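Asks: sequence and predicted model, in that order:
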Amino acid sequence: MSHDEQTLPPGHRLEEYVIDKVLGSGGFGITYLARDAHLDRSVAIKEYYPFHLARRGRDQHVSPHTGAAEKLSEYNWGLDRFVDEARALARFEHPNVVRVVRYMQRQGTAYIVMEFVPGQPLSALAGPRIPPEADLRALLLALLDGLATVHATGLLHRDIKPANIIVRPDATPVFIDFGAARQAIGSRSQPLSTILTPGYAPMEQYYSRGNQGPWTDIYAMAAVMHTCLMGEPPAEAPERPGLNGTDRLALRARGRASDDFLKALDWALSPNERDRPQNVADWRKVLVGGERTRTDTPPALPPSPPSPRPPPERVAVEGGLGRLPLLVAGGGVAVGAALIAYLTLGLDGGRQQLVTPTPALSSGTNQANAKLGQPQDAVAMALDDESYSKAVRIGTPEAYAVYLRLHPDGRHAAQARGSARTP
């Protein structure tokens, strides 16, 4: 089934809303521009549609594409979380957070109806001209107000990036997409994939049980500011420890903004989550007060709630590349496949990628490899070599640790163990 066949057609009606066109789609949903026929106004409608699980019938009814109990349970669990998220977001009344009008369950799935925010995404406004620091501060502080409201409910955004921020014609910035948001407390562990945007995602998002919290969104928000100042996001999180602080904005962006502002951004971009501001209020205090921070020794922080990260559980995915260890979800997300994507495919710095196992893991690819005269063992060895080469190129202990998670018995495992440590 093509992508177009999986979306609602123009003219389709959901209660009083008439679908106009698709605005965008991700791993778990599709967003449409629609018209409220009663109030004669535009709205945005997000549909729960996990592409790896769902199919759409000719009557537009959505259902799991397999009757397997495990897949049905996963689909229904995700649907329940989607509805929970809609209820939580509907409580927000903040000028910097998109407003939810209503939610409904129809056609075997669920929909969130939101106000349509006119304007342009921050990603489209970025250009060669560096914005004045005063403008960047105003943008950042307004978004932090909205983010603090979200965090106060126990939610995290988890996918902050320029494309998910709309700037209205009056210059008001608005978070428009909480597609990666999940309850920060009490989430049920399920093998659901997550959306991860390289450059904006901190290291803890690369782990199934990474220690995520407000500091995770704060990192992404600082990465947005990095993009505004430098024209690109920071290096991908697994690469940054190997840069030994040479990527600090206080060095690279000197002259583009004040030292205080750059050091405050560097604090929020600390690779280790414990070294960042632990909440919006802490970071805002520095941004507003202009207190000087040291990137190598952050200011004293309030007691941190995180506990030591437990070791990730493992499962194995069958496929043409052998049994590849993946990380089982903890805290409501599964990102083990992100590590596969990182070491085998690479993660394009500016492009959002759905970090699910690639088609190369399917039995169909096994058959294709056989037809091309590529034995399964040869493919597995090639993947092993490529993954290790990537780890060597990055050169950080974290990269070697990721290699070992993917290839615990790989041809280069002995060398990797000598260079690795668990992040």
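Replies: Nice, thanks for sending it over. Owing to the predicted nature of the structure, the values given are computational and were not obtained by experimental measurement. Numbers count the residues shown, from 1 in each chain.
Asks: excluding chain neighbours, give the residue nearest to Tyr75 in space.
Replies: Pro64 (4.4 Å; Cβ to Cβ, 6 or more residues apart in numbering). The C-beta positions use only the backbone N, C-alpha and C, and glycine is treated the same way.
Asks: please apply the same query to Leu125.
Replies: Leu125's closest residue in space is Val167 (Cβ to Cβ, 6+ apart), at 6.1 Å.
Asks: any idea what the one you found is bridged to?
Replies: Val167 forms beta bridges with Gln120, Pro173, as assigned by DSSP bridges.
Asks: who are the contact partners of it?
Replies: Neighbouring residues of Val167 by Cβ atoms under 8 Å, 6 or more residues apart in numbering: Gly119, Gln120, Pro121, Leu122, Leu125, Leu139, Pro173, Val174.
Asks: just these: which has the poorest pLDDT?
Replies: Ranked by pLDDT, the contacts of Val167 bottom out at Leu125, which scores 80.
Asks: gap between it and Pro173?
Replies: 10 Å (Cβ to Cβ, to the nearest Å).
Asks: ditto for Tyr75
Replies: According to Cβ to Cβ, Tyr75 and Pro173 sit 34 Å apart.
Asks: so for stretch 30-38, what's the average pLDDT?
Replies: Stretch 30-38 comes out at a mean pLDDT of 95.
Asks: buried sites along that stretch?
Replies: Of the residues in stretch 30-38, Ile30, Thr31, Tyr32, Leu33, Ala34, Arg35, Asp36 count as buried by neighbour count, 16 or more other Cβ atoms under 10 Å.
Asks: and of these, the nearest to Glu70?
Replies: Of all the buried residues of stretch 30-38, Glu70 sits closest to Ile30, with 23.9 Å by Cβ to Cβ.
Asks: which one of Leu125 and Pro173 is surrounded by more residues?
Replies: A direct count of neighbours by other Cβ atoms under 10 Å for Leu125 and Pro173 places Pro173 higher, at 21 against 14.
Asks: let me see the contact set for that one.
Replies: Applying Cβ under 8 Å, 6+ apart, we find Pro173 in contact with Asn96, Leu122, Leu139, Ala142, Leu143, Ile165, Ile166, Val167.
Asks: which SS state does Asp84 fall under?
Replies: Secondary structure state of Asp84, per DSSP: H, G, I helix; E, B strand; the rest coil, is helix.
Asks: repeat that for the one 10 residues further on.
Replies: Under the three-state scheme (three-state DSSP), His94 adopts coil.
Asks: thought it was touching Leu144?
Replies: No: in this structure, His94 is not within contact of Leu144 by Cβ atoms under 8 Å, at 11.4 Å.
Asks: neighbour count winner among those two?
Replies: Taking other Cβ under 10 Å, His94 and Leu144 do not tie; Leu144 has more neighbours (21 against 16).
Asks: what about stretch 75-94, distance to the chain center?
Replies: In terms of Cα atoms, centre = their mean, to the nearest Å, the centre of stretch 75-94 is found 17 Å from the chain centre.
Asks: cool, stretch 395-415 as well?
Replies: Distance, stretch centre to chain centre, for stretch 395-415: 24 Å (Cα atoms, centre = their mean).
Asks: nearest to Pro202, of the buried residues of stretch 30-38?
Replies: Distances from Pro202 to the buried residues of stretch 30-38, taken as Cβ to Cβ, are shortest for Thr31 (25.3 Å).
Asks: list the beta-bridge partners for that closest one.
Replies: So, taking DSSP bridges as the rule, Thr31 has Gly24, Lys46 as bridge partners.
Asks: these two touch, right, it and Ile45?
Replies: Yes: counting by Cβ under 8 Å, Thr31 touches Ile45, with 7.0 Å between them.
Asks: middle-most residue in the chain, spatially?
Replies: Central residue check for the chain by Cα atoms, centre = their mean: the C-alpha nearest the mean position is that of Leu196, 3.1 Å away.
Asks: so that residue makes contact with Met203?
Replies: No: using Cβ under 8 Å, Leu196 is not in contact with Met203, being 11.2 Å away.
Asks: quick check: which ranges of the stretch 51-200 of the chain have low pLDDT?
Replies: Counting by pLDDT under 70, the stretch 51-200 of the chain contains low-confidence ranges at 127, 179-195.
Asks: can you do 50?
Replies: Where the stretch 51-200 of the chain drops to pLDDT under 50, the residues are 181-193.
Asks: that one: helices as residue ranges?
Replies: Taking DSSP state H, counting those that start in this stretch to define them, one finds helices in the stretch 51-200 of the chain at 69-89, 122-125, 133-152.
Asks: what sits up against stretch 137-151?
Replies: Residues from elsewhere that reach stretch 137-151, judged by Cβ under 8 Å, 6+ apart: 92, 94-97, 131, 156-157, 160, 165, 167, 172-175, 178, 181, 214, 217, 221, 225, 228, 261, 279-281, 283-284, 287-288.
Asks: thanks a lot, see you next time.
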